[in-house]
Structure formats: C-alpha cells, structure tokens
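Visitor: Sharing a sequence plus its predicted fold:
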Protein chains: 2
Amino acid sequence: MSIQSSIDVEFTSVNNVKSRQITIIGGRGRMGQLFAQKLLAIGHKVNVLGNQDWDFAEQLLSQAELVIVSVPIEHTVDVIKRAAKYLSPTTALCDITSIKTQPTQAMLTHHQGPVMGLHPMFGPSVQSFSGQKIVVCPGRHDESFQWLLDFLQNQGGELITCTPEEHDQMMVFVQATQHFYRLSLGVFLAEANIDLERSLLMSSPSYRQEIEILKRLFKQNPNLCVDIILATEERCQVINDLAETYQRLAQLVARKDREGLIKEFEEHQAFFQQEDNSLLPATYTFTENKDTGFNRFH
Amino acid sequence: MSIQSSIDVEFTSVNNVKSRQITIIGGRGRMGQLFAQKLLAIGHKVNVLGNQDWDFAEQLLSQAELVIVSVPIEHTVDVIKRAAKYLSPTTALCDITSIKTQPTQAMLTHHQGPVMGLHPMFGPSVQSFSGQKIVVCPGRHDESFQWLLDFLQNQGGELITCTPEEHDQMMVFVQATQHFYRLSLGVFLAEANIDLERSLLMSSPSYRQEIEILKRLFKQNPNLCVDIILATEERCQVINDLAETYQRLAQLVARKDREGLIKEFEEHQAFFQQEDNSLLPATYTFTENKDTGFNRFH
C-alpha cells in the first residue's frame, strides 16, 4: 500500500523541501493518484489508504502529518468519521471533494486538529496544476496547511478562498447544472446518432469546444458525474428550474413565437454584458493571500 | 452606396490580383461588412446594395462579376428572386446565409449563370478567416468561383464541400440546437442572478469557456439567434426532442434515480469514444490507468 518514491532523497535535496509523511485516503482513485504523484515528485512520503486497507488504518493515519481525503462525494463524511479516530491531534486533515459544507463540518466535528476543505476545479487528466483553480475553505489552524498551499501555488495553481457555504452555493451553477445539461446534451446527440466526425468538420469553434468537453465528460466514471448532479437537495431543485427554462423556451419554439424568443434574449442581454475582466486569467494573483481566512471575504 | 477602396491600384499591383467588380446585397450588415473589407483589402471593387438602394439595383447588379447575398435568413430567398432579374448571365451569384437548401435552389431557379451556396462557420467578430471553416455547396459553373475560393483559402479559411441538404441536416445539430440550449442556459443563469464574476473566479475551465460563448451569443443581434433557431420546421422539431431529453433526465434527478442516470451515461458513452485524435488538446492524456477509477474504492 506504500508508493513511496525511491528517489526521495535526491528530490529533497534538489528542492530543499522538508519531506513530510502524507496519507491519501482513496489514493488509488484518479484524483488521489494525481496528488500522490505531484507530492512524491517533490520529495514527500506518500502512503495510500484504499478501501481494502482499513486494517492498517492505525499505521497509515496515526503518524501522518497530512491526511487527504479523496473519495466519492457520498462516502466523504463517513470516511472522515472513520479516519478521524486514528488521527493525532497535530495531523492536518483536508478533503478534495467537490462539495464543502458537510465535509468541512464533519472534519471540524470529528477531528480536533488542523482542518481545511479543498476543491480542485479540474479533473485527474490534467498534466499539471499550472493555471488550474483550487478553492480553499479554511477550517482550523490554517498555518498547518501553509506548506501545502505554497506547494499548490508553486505548481502553478491559483487559490481562491471562500466559505464552504459560498463554495457550495456557487457549485450548484458552476458544476451541477453544467454536468446535468452536458449529460443531457450528450444523450441527445448520441440518440440522434449524428455523424460526429463529419459534424466537427463542418462546425463552428463553439460547437467543437462543446464536443471536446462532452468527450472528456463521457470518458469519466459515470458515478463521478452522477454524484456531482445529485450531491445536494438544492442541486436537484436548481436542475429542475433549468429543465423548466428549457421547457418554457421550447414551447416558444414549438409555437414559432419569434417575438417571445427575442424578448427572452433581450431581457437577459444586460446580464452578460456586465463589466468583467475575469475572463483574462492573468489578471488574478493570489500570492498575497497567504493568511487567507474567512474574514478576508466577509 | 459605393465603398470602393481609394488604394485599389496599389493593392492590385502588390497582390497581383485581378480587380473584380463585386456587389454585396446586405453589405451594411456585419457579415456583409466583413466580406466587403476583406475583398477591398486585396484590391477588388466592392459595392453595397442595402435595403434602401433597390432604385439603383440595375446599376449595382448588372455589371457585377460576383454578387454575394448577405441578408437575414428569412429574406434570403425573396432577395435572390428580386436580384436575379438584374443579373447578367455571366454574373456569379452566391449567398452566405446559414441555411443552404432553399437559397441554393432559389439561385439555380432564378439565375441562369454560375451559382454557389456558402456558409461561413463564424461570426462577424472574427479578425481574420484564418482557421475558420466555410461550407461550400456547389450549384452551377463552379469554375467561376475558383478565384473566390482561392481567396478564402489564401486568407486561411478551410473549405468543406457538401450538398445543401447535408449542410442543412448537420446544421440542425451544429447550430440550431446549440443556439437553443445556450439561449436557454443564458436565460436560466440570468434569472438565477448568479454573481457572474465570482462564479468565474471559482470555476472549471469548461465553465469559463461556456460563459465566454454565452457572452458572445448575447452580444449578437437577437434576430440572428432567433432566425437560426426557427429557420426550418425540422429545427423546431429537433429542438423539441432536445427539450424532451432534458425533461426526461430532469425527472430522473427529481426522483434521485442514481441508477437511471448512470444507465443514461453508460448507454451513450461509446458514442463519444469514437476514434478521433484531433480533439485532444496537448494538455490532456487519457492513456494511463483506465482501471483505477473511483470504483476501485467500492
């Protein structure tokens, strides 16, 4: 169950990084593996606790400086509870699940040491963290995670700090409805059995982008996509609202209600014309936010 | 109504291009303007026939070597009929509307000279034709358009030849349903009144891409978007099918039918895994560890 790098020493001296003892729970999943590889590569000692390894939990968890929980959404809280009893009060505990309120709360409740919720806004197929966003929800004793946050930033990651509640509220729209409409769109295109290659040949750039995203989505584990869609009651409700919007506009199309559709377009045009530089990623740096806490944004 | 370049002679000698007499019907629209600028820039003489200029139609059309029809979809066939009677039998007549069957047929019926249907797969906001696709539907005497096709290719455009029927069939999916789902998604996000800037800050790359596309969509003229959605009966029917797919999957979400959603995902996974390497950006590899997904943890 150990995948310690055989070249720890060399890396440690090259990077002048203190080699830390890290355990990733769920480290055989693709995201867990990604983090294991990146942490190993700069000289840390990484152990993995998979589903079959709980007999070794004491050994794998009690000595760890950092424990990262990287398991499916629906198991995260249970795994946190189960793991917490093996942890030393000084162990830093974080999770990388895509919801944050319940996991962060569970970590604060069941572990008395340092706690932080993280959400990497990318999938396991990225080559590096460069240019990727990671949402950071501080929990307790943030300073114990400073080396981890520094590591993420040094790898090119961009940190965004917020409360677990703000994160979850935003992810309803950024993640859940997006996964839903894309899953539905993919099902629709597949059922229509269009000639995908030929359609790409004759397509606009935005269609090609969409198909690229659908190809990546449908390469993932279906559980991951469905977990993201169903994770909270609020997500299910908002997805229902989205489907109703589709239905409403489809009825305008069925009636060939040109004026009605133009009205829908015009009424919401201003929303997408807000002044906004955020599409230019280079303008954001968070290097100064080393002491990020709740109060920075509230 | 003439916007002939004052530097024709210079350009003509520089580019060694035969200066041709071109009239763009609808040349004051944004796409018409784009084509006028590009053609002027390499030394052609470009006249514009706008909606108010039909008193000068004889003068503007009878001497033209090439006439380009660039008017809204719903007016295209009427404008072709109206213009055709002024054309010389040697004038090359083409249109750049986003449906091709009826316009191409109308050009073949009402004009006895060279005919071609074109569909530039990009909007008027592009800086150049470089890397952009243009669908070409040959009609009659293709050789009269060779210089125009060469010009488009020399400007970096990629030509895809097909029948008007294949084009229209494909555009139901490549254009109409895409415009519909994006218009609906935009209306939904605007009605939810999310904090767009903040959501972009905390977002995945695919969400940012989607919002960029929505911003471009909602900057356009609403008529253009609604024209594309309502252009044919088939489009309206297929959009209805798409809305039904959304409704079907939303019902699974409302029932928290995890297995049902996973089944939808799995049944259509193969469709998006057809061989095609052209879509994989350099940053993504999918070669490793197909057998180490989250399910390892269960």
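Guide: Done, it's in.
Visitor: Which residue, other than its chain neighbours, is closest to residue A:30?
Guide: Nearest-residue entry for residue A:30: residue A:124, 3.5 Å, with adjacent residues in sequence omitted and distances by C-beta to C-beta, 6 or more residues apart in numbering or on different chains. Yep, even glycine has a C-beta here, placed from its N, CA and C like the rest.
Visitor: so that neighbour, which of the three states?
Guide: The three-state assignment at residue A:124 reads coil, by DSSP: H, G, I helix; E, B strand; the rest coil.
Visitor: try residue A:262
Guide: Looking at residue A:262 with three-state DSSP, the answer is helix.
Visitor: Can you tell me how far it is from residue B:157?
Guide: Residue A:262 sits 31 Å away from residue B:157, taking C-beta to C-beta, to the nearest Å as the criterion.
Visitor: same question, residue A:83
Guide: When distance is defined by C-beta to C-beta, residue A:83 is 58 Å away from residue B:157.
Visitor: now swap in residue A:216 and tell me
Guide: Using C-beta to C-beta, one gets 28 Å for the distance from residue A:216 to residue B:157.
Visitor: Contact partners for the residue nearest to residue A:262 when sequence neighbours are not counted?
Guide: For residue A:262, the nearest residue in space outside its immediate sequence neighbours is residue B:222; the separation is 4.6 Å by C-beta to C-beta, 6+ apart. Applying C-beta atoms under 8 Å, 6 or more residues apart in numbering or on different chains, we find residue B:222 in contact with A:261, A:262, A:265, A:266, A:269.
Visitor: again with residue A:246
Guide: Contacts were defined as C-beta under 8 Å, 6+ apart; by that measure residue A:246 touches B:181, B:184, B:242, B:243, B:246, B:247.
Visitor: ok, 6 Å please
Guide: By C-beta atoms under 6 Å, 6 or more residues apart in numbering or on different chains, the residues touching residue A:246 are B:184, B:243, B:246.
Visitor: and the helix or strand hosting residue A:83, what does it pack onto?
Guide: For residue A:83, the enclosing helix or strand under DSSP states H and E is helix A:73-84. Here helix A:73-84 is seen to pack against helix A:101-110 when contacts are counted using 3 or more C-beta pairs under 6 Å, 6 or more residues apart in numbering or on different chains; DSSP states H and E.
Visitor: quick one: the helix or strand just after the helix it packs on to helix A:73-84, angle?
Guide: Remark: after helix A:101-110, the chain's next helix or strand is strand A:115-120, criterion DSSP H and E. Angle of strand A:115-120 versus helix A:73-84, following axes from the mean of the first three to the mean of the last three C-alpha atoms, to 10 degrees, is 150 degrees.
Visitor: What strands line up against strand A:115-120, and which way round?
Guide: According to DSSP bridges, the neighbouring strands of strand A:115-120, each with its direction, are strand A:92-95 (parallel), strand A:133-140 (antiparallel).
Visitor: Return the most buried member of those strands.
Guide: Mean neighbour count, computed with mean count of other C-beta atoms under 10 Å in any protein chain shown, is highest for strand A:92-95 among the strands paired with strand A:115-120, reaching a mean of 28.
Visitor: How far does that one sit from its chain's centre?
Guide: Using C-alpha atoms, centre = their mean, to the nearest Å, we find the averaged C-alpha position of strand A:92-95 to lie 15 Å away from the chain's own average C-alpha position.
Visitor: So residue A:83 and residue B:157 - more neighbours on which side?
Guide: Neighbours around residue A:83 and residue B:157, counted as other C-beta atoms under 10 Å in any protein chain shown, are more numerous at residue A:83. The numbers are 25 against 20.
Visitor: ok, that one to residue B:199 distance?
Guide: 32 Å.
Visitor: What degree of burial does residue A:193 show, as a neighbour count?
Guide: The burial count assigned to residue A:193 is 8, neighbours taken as other C-beta under 10 Å.
Visitor: What pLDDT does the model give it?
Guide: We have a pLDDT of 95 for residue A:193.
Visitor: Thanks a lot, see you next time.
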